[in-house]
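A.B. asks: Sequence plus predicted model, see below.
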Amino acid sequence: MSHHIVEVKHLQHIYADGTVALQDVSFTIHHGESVAIIGANGAGKSTLLLHLNGYLTANSGEIRIGDFPLTRKTLPEIRRTVGMVFQDADDQLFMPTVFDDVAFGPFNLGLPVEEVKQRVKAVLEQVGAAHLQEKPPYHLSGGEKKRVAIATVLSMSPDILVMDEPTSGLDPFARRQLMGLLRDFQHTKIFTSHDLDMVVDLCQRTIVLHQGIVKADGPTLEIFNDDTLLAECRLEKPLSMQGCPVCGKGR
Amino acid sequence: MRSIDGAVLDLKRLDLLATADSVIHRLDARAKVLTTLVFIVTVVSFNRYEFTALFPFFIYPVVTASLGNLPGGYIVRKIIMVIPFAFVVGMLNPIFDRELFVRIGPLAITGGWISCASIILRTVLTVGAAFILVGVTGFLSVCQALERLGTPRTFTVQLLFLYRYIFVLTEEGARASRARELRSCGRKGLGLASFGPLIGHLLIRTWLRAERIHMAMLARGFTGEFHSRQVSGFGWRELFYVAGWSAVFVVLRMENGAQWLGRLVTGGLS
Ligand SMILES: Nc1ncnc2c1ncn2[C@@H]1O[C@H](COP(=O)(O)OP(=O)(O)OP(=O)(O)O)[C@@H](O)[C@H]1O
Ligand SMILES: [Mg+2]
């Protein structure tokens, strides 16, 4: 089934001030794949993700999500398929309480009130934020906001999950919890991260962006074993693949 | 800077109060919106020299606020904030309108002062009623109610965005001025000169942020329709609520309640 395919062809994006954030990016992600997009600060990761649900429009190139090319007409349908968690959780939360915020999406899908309540409860429990239900989002800590932001997207049960640095700002426990959650998510997932250990843990495939082009695209372990590539792209081996600095034993 | 932050959080608190549960909260939003509209129209329809007859109208905000368990001190503080604005509007009346109205001993009160006081009192009543309406209903539900009462959707959605935009603007403002303050090392920043760029910067930031939030809404299937978890219908309770209060307002409008009460008391005494 070609339903949850994400296909990006020769994508180029130049910001209004002339910054070439993406030069020429192409890749295809198949159903059920778990793909990490890594790269240095300013490599263009966030810019790339923002194209996947039509927030930014490409200067040239083409994007297909499932069976549709991304156009103005298919946008509403595509936005329902692609659940996107922004890098800054503050941009994602806008309702008076956490409950209302998480319920916003399901209500728009036209679900009945009782079902919405159940769903909200379930996803908040999944991300470990059930106790925050009645709090206003602006009174949450950074990591709590992040968890709620993730819940708002999960509550819509998207077919493709796109996350911009999901684990940044989470405490170690919440990070583990989120990783477990992502592992259980059966559909396609794409995320950017500087948390390379998580990448090794969760993604079979990794795409390396460097100055707006795809520098490498392949199995995660292969990429992290390529020292010249890593150095060139301002990246490092994940800690779990380095020797242990305390006991001196390599793995 | 803290004051900006505080003021916004304070406003948001109003929305939060609306998530509580009480007899008033459970009423359908349309009933509350309609009653408030009738209230405002009645209060505004008095002639400009009316003063004492306005006092009995406080019964409505007081009763709703206490049935809705709104914190009195908070509401009163919010309302006091608008008095200066009302005063600015009515300020010129005492200057232009010097006709003698009543004389209390040596004190001569002109029509100008009466109308100025009347403006302030009316502002307090109407703004107070509107605040309390939001406090027991929530801004979202008020907009929904307006829509279900026949207001065009474009209008209600604009209203809602405007309301959200105020928060975004003030939040960004608070952040920017905090950053500026921290780096100005206790001096008064770079004086006024740094304010120009700050404001420009602020508008762009607010605009971008509002765009991203709008995007987040679209990404979650927003089509211009807001839903709320409260399911309520317009039943007998609502009908009684609207009709009851409207009757009270009409009677208070026709009869000067204060004089009537006075007559009752003096009549009872003599
Ligand atoms: N709105 C904008 N206008 C102009 N240039 C921008 C804009 N947003 C980002 N850029 C530039 O585009 C480039 C890519 O930015 P992007 O946010 O995609 O980086 P990133 O890979 O997500 O980095 P990080 O790891 O820091 O999040 C950067 O050089 C940045 O300065
Ligand atoms: Mg980024």
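C.D. replies: Happy to help now that I have it. Residues are numbered from 1 along each chain as shown, chains lettered A, B, ... in the order given. Ligands and ions are numbered 1, 2, ... in the order given.
A.B. asks: For the rest of this, base every contact and every neighbour count on C-alpha atoms.
C.D. replies: Will do.
A.B. asks: Next, give phi and psi for the residue most central in space within chain A.
C.D. replies: What sits nearest the mean C-alpha location of chain A, by Cα atoms, centre = their mean, is A:Met163, with 1.4 Å. The phi/psi pair for A:Met163 (degrees, to the nearest 10) reads phi -130, psi 130.
A.B. asks: same question, the one 10 residues further on
C.D. replies: Backbone dihedrals for A:Phe173, given as degrees, to the nearest 10, come out at phi -70, psi -50.
A.B. asks: rewinding a little: residues contacting the residue nearest to the centre of chain A?
C.D. replies: A:Met163 makes contact with A:84-87, A:190-192, according to Cα atoms under 8 Å, 6 or more residues apart in numbering or on different chains.
A.B. asks: what about A:Lys9, which SS state?
C.D. replies: strand (DSSP: H, G, I helix; E, B strand; the rest coil).
A.B. asks: what's across from it in the sheet?
C.D. replies: A:Glu62 (DSSP bridges).
A.B. asks: With A:Ile29 as the reference, measure out to it.
C.D. replies: Noted for A:Lys9: a distance of 12 Å to A:Ile29, by Cα to Cα, to the nearest Å.
A.B. asks: Also A:Phe191?
C.D. replies: On the measure of Cα to Cα, A:Phe191 and A:Ile29 end up 12 Å apart.
A.B. asks: go on, A:Glu165?
C.D. replies: Using Cα to Cα, one gets 19 Å for the distance from A:Glu165 to A:Ile29.
A.B. asks: These two: which is more packed in?
C.D. replies: Neighbour count, other Cα atoms under 10 Å in any protein chain shown: between A:Glu165 and A:Ile29, A:Glu165 has more, with 21 against 18.
A.B. asks: Test my guess that that one contacts A:Gln87.
C.D. replies: Yes: when contacts are counted by Cα atoms under 8 Å, A:Glu165 is listed as touching A:Gln87 (6.0 Å).
A.B. asks: Which residue, neighbours along the chain excluded, lies closest to B:Thr35?
C.D. replies: Nearest residue to B:Thr35, sequence neighbours excluded (Cα to Cα, 6 or more residues apart in numbering or on different chains): B:Val242, at 5.3 Å.
A.B. asks: just to confirm, which helix or strand has that neighbour in it?
C.D. replies: helix B:236-254 (DSSP states H and E).
A.B. asks: Which positions in that helix come out as buried?
C.D. replies: Neighbour counts over helix B:236-254 (16 or more other Cα atoms under 10 Å in any protein chain shown) mark B:238, B:241-242, B:245-246, B:249, B:252-253 as buried.
A.B. asks: Stretch B:19-39 now?
C.D. replies: B:19-20, B:24-39.
A.B. asks: where's the closest residue to ligand 1 within chain B relative to A:Gly143, distance?
C.D. replies: Nearest residue of chain B to ligand 1 (Cα to the nearest ligand atom) works out as B:Leu208 at 8.6 Å. Counting by Cα to Cα, the gap from B:Leu208 to A:Gly143 is 23 Å.
A.B. asks: which one of those two has more residues nearby?
C.D. replies: A:Gly143 (18 against 12).
A.B. asks: Now do the SS call for the closest residue to that one other than its chain neighbours.
C.D. replies: Of all residues not flanking A:Gly143 in the chain, A:Leu170 sits nearest, at 4.9 Å (Cα to Cα, 6+ apart). Reducing the assignment at A:Leu170 to three states with three-state DSSP gives coil.
A.B. asks: residue contacts, A:Leu170?
C.D. replies: A:142-144, A:146 are the contacts of A:Leu170 under Cα under 8 Å, 6+ apart.
A.B. asks: By neighbour count, which of the residues you listed wins?
C.D. replies: If you rank the contacts of A:Leu170 by neighbour count (other Cα under 10 Å), A:Lys146 sits at the top with 27 neighbours.
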